[in-house]
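> Quick one: sequence and predicted model below, then my questions.
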Amino acid sequence: MTDPLQALEQDIHAVAALCQRLREENQSLRGQLAQREADCLSMTERMGSAKQRLQSLLAQLPQDPASL
């Protein structure tokens with residue numbers, strides 16, 4: 001009778017350890033996701049700024065190619 005109880009106890013400890021490891025991994029992944037989202041937002045803002053600068057430069061170009 002003791003052996004099945006010990007096996008069950010070991011299984012419970014293994015499941016608890018797995019849950020803890022998965023919880024820690026999930027927390028790490030959430031942190032990585034938050035960082036990637038912040039990076040994406042920063043890149044989007046930088047692209048918008050670059051787009052505005054390019055549009056400003058294009059507006060300064062002469063419209064008539066013959067005037068070059």
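Everything's here; your move. Numbers count the residues shown, from 1 in each chain.

> Does the host helix or strand of Gln6 pack against any helices or strands, and if so which?
Gln6 is part of helix 2-60 when elements are defined by DSSP states H and E. Helices and strands touching helix 2-60, as assessed by 3 or more Cβ pairs under 8 Å, 6 or more residues apart in numbering; DSSP states H and E, are absent. Placement of C-beta: from N, CA and C, glycine included.

> Pull the distance from it to the chain's centre.
Relative to the chain's own centre, helix 2-60 is displaced by 5 Å; criterion: Cα atoms, centre = their mean, to the nearest Å.

> same question for it, mean pLDDT?
For helix 2-60, mean pLDDT is 97.

> Ser56 and Gln63, how far apart?
Going from Ser56 to Gln63 by Cβ to Cβ, to the nearest Å gives 15 Å.

> Give me the more crowded residue out of the two.
For Ser56 versus Gln63, neighbours defined as other Cβ atoms under 10 Å are more numerous around Ser56 (9 against 6).

> Quick check on Pro62: phi, psi?
Here is the backbone geometry of Pro62 (degrees, to the nearest 10): phi -70, psi 140.

> burial measure for it, as a count.
8.

> Likewise for Ser42?
10.

> Good, we can wrap up now.
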